[in-house]
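In: Take a look and give me a structure for this.
(3 chains)
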Amino acid sequence: MKICVTGIGIISALGRGREATYASLLSEKSNIAPLRHFKTIHSDLLSAEVRETNEELIALMGGDIKEPTTRTSLLGMVALDQAYKEAEIEENRPESIAFISGTTVGGMDKSEQYYRDFLDNNSRNEYIATHDCGTCSEMTAERYGKFDIMTTISTACSSAANAVILGANLLKTGRVKMAIVGGSECITKFHLNGFNTLRILDKEPCRPFDATRAGLNLGEGAAYLVLESEESALERGVVPQCILAGYANACDAHHQTASSDDGDGAYRAMNGALCSASLRPADIDYINAHGTGTVNNDLSEGIAISRLFAGHIPQVSSTKAFTGHTTSASGSVEAVISILAIEHNFLPVNLRFKERIEGLSFSPVTNAHQKVAINNVMTNSFGFGGNDSSLIFSRYKKG
Amino acid sequence: MGVFIQSSAQISIQEPLCNNYVTKPVLHDEPYVRAIECDYKAFIDPISARRMGKILKRAIAVSVTALKASNVTMPDAVITGTGLGCIENTEKFLSAMTMEGEEFLQPAFFINSTHNTISSQVAIYLKCHGYNNTYSHRGISFESALMDAFMQFETGSAASALVGGDDEMTPGYFALLDKLNYWKKSAGGPGAMAGETAVAFVLSNEVSPVELSGVEILFKPTADEMNRRLTAMCERRGISIGDIDAIFVGRSGDVDGDRIYDAFCGKFFPDREQFTWKKLFGESFTSPAMGMYVADELLRSDRKPLLKHVLVYNHFQNKDHSLILLSKC
Amino acid sequence: MEQLILDLKQQIIEVLNLEDVKPEDIDENASLFGEGLGLDSIDALELIVLMEKNYGIKLRDPSQGKQIFTSVKTMAEYVAANRTK
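Out: Below is the predicted model:
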């Protein structure tokens, strides 16, 4: 089955929607700045927040969103709304739709804000019910009508990529005609502090794949893709934007937070995706790497890329220097960026790269204005526990 | 293609890692019951276990026990459903952060707060590099994992899978959910009893006494949609709704919730035998895993020799519904 | 120094949740990581938090931990020399 992408939606520090995202990537302007939306003793830490406050996000959605709500679900709604409209679902609704979302912090933004209240005051108890991941997905999607299947994946930073894989399998096994897949995650004090205790937050703007990299900056955002078969897209009169050509997930099975030295899990995921797409390493034009900017990830991922693509290393960049690490949403945020790369034949640069990592055989993209043909893009998402996923998007050709 | 249940294991509020609940059930009626633990040293050395919360130790113990009872040594996939994830560690980190401030937070609590710690710790323990996934969607977390596993077989991606349903209930989180009237207020009163769940199933395409014939998750289904999905699930297995011999219903004692089960059984299975499991095992986000465990055990036993096809039906707040179809081979 | 070593052993057992390990089981000269107690990089981060919380010692660079946490003895010497509380 040829699985087509017929709609995308995105919100991140780069702005709202495909145009703003593309323009921001082309401008090579950094979006990493001090935290604004919540109070923390770590306010000196840099991050890539979505510009809009919760109130502004609610206004964008027409103002009729009632409490309780969470930032993760609000970000999700903004992205879902774009994807929904692009795929013309309202106009021509397929017989069955699944909504699969990835998140890990879920409603933690409100839990951490009201936790003391939950215990002593009982004035915010409605937010006890919005803590879990599933509730956030339901709040994101419910206003868009009937979904036949709705579930939530929580595999930390690979959540949204795994949602894409599940959606594809739901289509292939005939369970639904359409799958809306992706993820959403807001920055919370909880995981900001969590990453801080692991000492993997850079105090400076992050420098993925640079020899001097010192950690990541957190980002936030949401992105969803509408997946359906070519047959369904043509039947509904919607033009496919590209195809999901292949995908794979594998487990590094090495350590809860660290990647193995040789990037075993990453290698297996990328290799699995190539096999599933029936492509050779030389067919991949661009890899949107996981590239968090931590010492461990970039070396391990870089080694895995060097091993798998030996002799044919494609253009590689991490766009986390623009978006920050959008954690559970990163898989779909970067899937959208990969789709834009195909659409515009452009290579997103790896901002702030200066010096190659010792032991790696490649340097990432530094020139955004090269004329290149981009037909096949691989995008990587690796989560805690060595949960490694790789997706391949390819240019759509009819038939 | 067939997906067969090779083995299973449970840790819950009944005696752990055995089926003593059948003949010597531990009877409970209070609002909140903690799981009966097993001796984890038989599974994990204390140094490896030092950062593991209860949910992780239980998940490893049931996974290893189920694998040992099967022909599968290394599953092709490890898939877990958990409604709340590692809530004990989440609470420790959240509570320290909100009560004591952001200064001296401990990394281990954060690392082990993540939902997919369960699937990944099991994979690390087994050194399993296969497909690894985690679902966290309220009362259908386990069934989502089961559906994913089912599709891994359907698409030919896996020939075996280790599927788990795990939820721990801490006193703190019990008290929070109690404020939302999740639980009964006193022993003997109406309402659900909070329990804890850790169940692992080993599935493979090798024929065994019980087949996993289908699994469906539904979001806010109307009666017509329920009918359509139930019919379609049966048809894919080559049977009709009328061929289902018994229903395992997720009745918990919660009055409003139980009405939904009454309506479902009245509409589709008015004259079929009904079984329940939550009176023995309590309610949790992954309690349906326990329902499947109990149904599988009964099909394997000789206590109800005439049962051929059974359905496990559960719903969560009448929003998320699930159907699991098991068949005796 | 004797008392500090004992205190540190107790704190290490508590913060790293080393079930069934007693202070007398830990040889203050044996290595904490690798062969000895078998601790790893996450434990090292926990020990950094312990030193900060209990002794007011801030380690700017976590890689410094390698020498300091060689054994309980080296840790005690570092604490004795650098403690602010």
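
In: how about the CA coordinates for the helix or strand harbouring A:Ile305, as PDB?
Out: Taking DSSP states H and E as the definition, A:Ile305 sits inside helix A:295-308. C-alpha atoms of helix A:295-308 as PDB (Å, rounded to 0.1, in the frame of the first residue of the first chain):
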ATOM      1  CA  VAL A 295      27.800  14.800  23.700                       C
ATOM      2  CA  ASN A 296      26.500  11.200  23.800                       C
ATOM      3  CA  ASN A 297      23.700  11.400  21.300                       C
ATOM      4  CA  ASP A 298      25.400  13.100  18.400                       C
ATOM      5  CA  LEU A 299      28.500  10.900  18.600                       C
ATOM      6  CA  SER A 300      26.500   7.700  18.800                       C
ATOM      7  CA  GLU A 301      24.100   8.700  16.000                       C
ATOM      8  CA  GLY A 302      26.900  10.000  13.900                       C
ATOM      9  CA  ILE A 303      28.800   6.700  14.200                       C
ATOM     10  CA  ALA A 304      25.600   4.800  13.300                       C
ATOM     11  CA  ILE A 305      25.100   7.000  10.200                       C
ATOM     12  CA  SER A 306      28.800   6.600   9.200                       C
ATOM     13  CA  ARG A 307      28.500   2.900   9.500                       C
ATOM     14  CA  LEU A 308      25.300   2.400   7.600                       C
END
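
In: Which elements pack onto it?
Out: Applying 3 or more CB pairs under 8 Å, 6 or more residues apart in numbering or on different chains; DSSP states H and E, one finds that helix A:295-308 makes contact with helix A:264-277, strand A:376-383. All C-beta spots, glycine's among them, are computed from the backbone N, C-alpha and C.

In: Try it again at 7 Å.
Out: Packing partners of helix A:295-308 (3 or more CB pairs under 7 Å, 6 or more residues apart in numbering or on different chains; DSSP states H and E): helix A:264-277.

In: now the helix or strand following the helix it packs on, how far from the centre of its chain.
Out: Counting by DSSP H and E, the element after helix A:264-277 in chain order, helix or strand, is strand A:286-288. In terms of CA atoms, centre = their mean, to the nearest Å, the gap separating the centre of strand A:286-288 from the centre of its chain is 14 Å.

In: what does strand A:286-288 contact?
Out: Residues outside strand A:286-288 that contact it (CB atoms under 7 Å, 6 or more residues apart in numbering or on different chains) are A:305, A:314-317, A:319, A:334, A:337-338, A:341, A:347, A:374, A:377-380.

In: For the residue in the stretch 151-300 of chain B that chain A sits nearest to, which non-adjacent residue is spatially closest?
Out: Across the stretch 151-300 of chain B, the shortest distance to chain A (CB to the nearest CB) belongs to B:Phe219, at 4.0 Å. Excluding its sequence neighbours, the residue lying closest to B:Phe219 (CB to CB, 6 or more residues apart in numbering or on different chains) is A:Met150, at 4.0 Å.

In: Quickly list what that neighbour is bridged to.
Out: A:Phe99 (DSSP bridges).

In: Look at it and report its pLDDT.
Out: Per-residue pLDDT puts A:Met150 at 98.

In: Repeat that for A:Glu220.
Out: For A:Glu220, the model assigns a pLDDT of 98.

In: And for B:Asp178?
Out: The model's pLDDT for B:Asp178 equals 97.

In: quick check, it in a helix?
Out: Yes: going by DSSP: H, G, I helix; E, B strand; the rest coil, the assignment for B:Asp178 places it inside a helix.

In: ok, now how distant is it from A:Arg124?
Out: B:Asp178 sits 16 Å away from A:Arg124, going by CB to CB, to the nearest Å.

In: cool, and B:Pro270?
Out: As for B:Pro270, its distance to A:Arg124 is 44 Å (criterion: CB to CB).

In: more crowded one of these two?
Out: With neighbours defined as other CB atoms under 10 Å in any protein chain shown, B:Pro270 and A:Arg124 compare such that A:Arg124 has more, 17 against 7.

In: ok, that one to A:Leu57 distance?
Out: Distance from A:Arg124 to A:Leu57, by CB to CB: 20 Å.

In: ok, now A:Ile339?
Out: Applying CB to CB to A:Ile339 and A:Leu57 gives a distance of 23 Å.

In: now swap in A:Asp44 and tell me
Out: To A:Leu57, A:Asp44 is 26 Å away according to CB to CB.
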